[in-house]
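1. When you get a sec, could you give me coordinates for this:
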Amino acid sequence: MITWGELAKSQIDPEKIEEAIKRLIAEHNADPEAHLCAGGSLQSHKAAEIIDHLAASIIADKIRDLEIGVSKFKWDSLNFSIDFITIDEWLSACIGSGGYRNYFGSLELSTGSTPNSRGALYLQSFGEGDGADYTKNPRVLFIVKLKAESGSSKTVCVGTAGVNCFGFSTNDDKLYAFHCKDRVCYSTEIATLANDWTFYRLKAVYTSGSKIDFFVDDVLLATHTENLPEYGEDAPLEDRWFFLGVSNRVPSNMRMWVRNILFSQEY
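-> The predicted structure follows:
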């Protein structure tokens, strides 16, 4: 037996030290019991009462379909989905030749061909102050079908449009994240619309008193942190949930489809 550095080396075994190290690592990796001994990392992981991970590190494709039961959902928040099977509770805000039509799972808003027309709807709650609540961390996902149309403006938002609200708007081929506070509006250009009709997932997450994050197709594209909407002096208007609208500035029929609205806020 001889030594190489501080490692013993046999004179009759041709295996090199580097080869031995690789072999032992391979054996370790192939051992299903590795780290499961008392005090081992996997045993500690399995035995821990709470397994901690980085925030937002669990993603949807790692959860099997139907794996989560209703008992695991939060019951301390208001959650609903609007699919436009009926629009009985929606109120018209149409102007000129503008109009709307609901289908199963979709709402079409249109301007008609008269310039300066608007096809629009808004949704009220049953009482003043019972609509979207900016103090309860509201969040919304609009699934909307859009394309670039010169001379058009389109809006989907939470709250009372132009007063206190937050959401998304378009102008010609540009998409904006926007919010309004006490009739003053702030916007950020975030994307250029496709020339063909395309479904977009427009998500806005309001962290009350802190920020509004705006996502397009699950990509964060803007964050607003100043002059955030809250209940202001327009109390009679502060009972609105949503506004959806399309308007034109030219004699051409502009359209927008809203496929679905998902909304959540704390009680």
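2. I'd assumed residue 133 was in contact with residue 230.
-> No. In this structure, residue 230 sits apart from residue 133 without contact. The criterion is Cβ atoms under 8 Å, and the distance is 9.7 Å. In this view, the C-beta of every residue, glycine as well, is placed from N, C-alpha and C.
3. Of the two, give the one with the bigger neighbour count.
-> Neighbour totals were compared for residue 230 and residue 133, and residue 133 leads with 20 against 14 (other Cβ atoms under 10 Å).
4. Quickly note the distance from the more buried one to residue 103.
-> Computed as Cβ to Cβ, to the nearest Å, the residue 133 to residue 103 distance reads 30 Å.
5. Same question for residue 46.
-> The value you get for residue 46 to residue 103, if Cβ to Cβ is used, is 50 Å.
6. Contacts only, for residue 109.
-> Shown here is residue 109, whose contacts under the criterion Cβ atoms under 8 Å, 6 or more residues apart in numbering are 98-100, 119-121, 244-246, 255-258.
7. hmm, try it at 7 Å
-> Listed by Cβ atoms under 7 Å, 6 or more residues apart in numbering, the contact set of residue 109 reads 100, 119, 120, 244, 245, 246, 255, 256.
8. Same question for residue 142.
-> Listed by Cβ under 7 Å, 6+ apart, the contact set of residue 142 reads 156, 168, 202, 258, 261.
9. hang on, the earlier thing: buried subset of the contacts of residue 109?
-> Among these, the ones that count as buried by 16 or more other Cβ atoms under 10 Å are 100, 119, 120, 244, 245, 246, 255, 256.
10. Double-check residue 41 against residue 35; I have them as touching.
-> Yes. Applying Cβ atoms under 7 Å as the test, residue 41 and residue 35 come out as touching, 4.9 Å apart.
11. sorry, back to before: any chance of TSV for the buried ones among the contacts of residue 109, columns distance to residue 13 and secondary structure?
-> Putting these into TSV (distance: Cβ to Cβ, whole Å; DSSP: H, G, I helix; E, B strand; the rest coil) gives the following:
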residue	distance to residue 13	secondary structure
100	83	strand
119	84	strand
120	84	strand
244	78	strand
245	81	strand
246	80	strand
255	79	strand
256	76	strand
